[in-house]
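A.B. asks: below are the sequence and a predicted model for it; my questions follow.
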Amino acid sequence: MEDFEIDFDNYLTTSEIQDKYSISRSTLYRWEKKGLLGEVKRTPGGHRRYTTKQIERAIKIKNGEIETKKYKEEKETGDEVDFGEIIETSSEDEDRPF
């Protein structure tokens, strides 16, 4: 198996996201746990890194611009739903990160 390094220059830190989008670290972690962000990369030191596409797609889902079956179910029932396998109901945003 070949080792390779990820170029983290193209990724945002939690602080950069907080500054750019006014999204708190705890919100990012909650979105990650629900599966809204897809695969979150980590530095060798364990720090999370996100792409702009991941963040902007999660914002669109939360704002209802992209609807997923599981998010729709959570909104309708008020029950928290595991977003582990998000299935889109819209074909918008085809170059999503996951």
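C.D. replies: Done, it's in. Only a predicted model underlies this, so the values are computations on that prediction, with no experimental measurement involved.

A.B. asks: could you give the bridge partners of the closest residue in space to residue 8 that isn't next to it in sequence?
C.D. replies: What sits nearest to residue 8 in space, not counting adjacent residues and going by CB to CB, 6 or more residues apart in numbering, is residue 49, at 5.5 Å. For the C-beta atoms, the positions are set from N, CA and C on the backbone; glycine is no exception. Applying DSSP bridges to residue 49 gives these bridge partners: residue 41.

A.B. asks: quick one: contacts for residue 49?
C.D. replies: Counting by CB atoms under 8 Å, 6 or more residues apart in numbering, residue 49 touches 6, 8, 11-13, 40-43.

A.B. asks: tell me the confidence at it?
C.D. replies: On the pLDDT scale, residue 49 is placed at 95.

A.B. asks: that older thread, among the contacts of residue 49, who's most crowded?
C.D. replies: residue 12 (20 neighbours; other CB atoms under 10 Å).

A.B. asks: sketch out the low-pLDDT regions of the protein for me.
C.D. replies: 1-5, 68-98 (pLDDT under 70).

A.B. asks: quick revisit: would you reformat the contacts of residue 49 as a markdown table and include distance to residue 30?
C.D. replies: Converted to a markdown table, these look like this (distance: CB to CB, whole Å):
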| residue | distance to residue 30 |
| --- | --- |
| 6 | 24 |
| 8 | 23 |
| 11 | 19 |
| 12 | 17 |
| 13 | 17 |
| 40 | 12 |
| 41 | 18 |
| 42 | 17 |
| 43 | 21 |
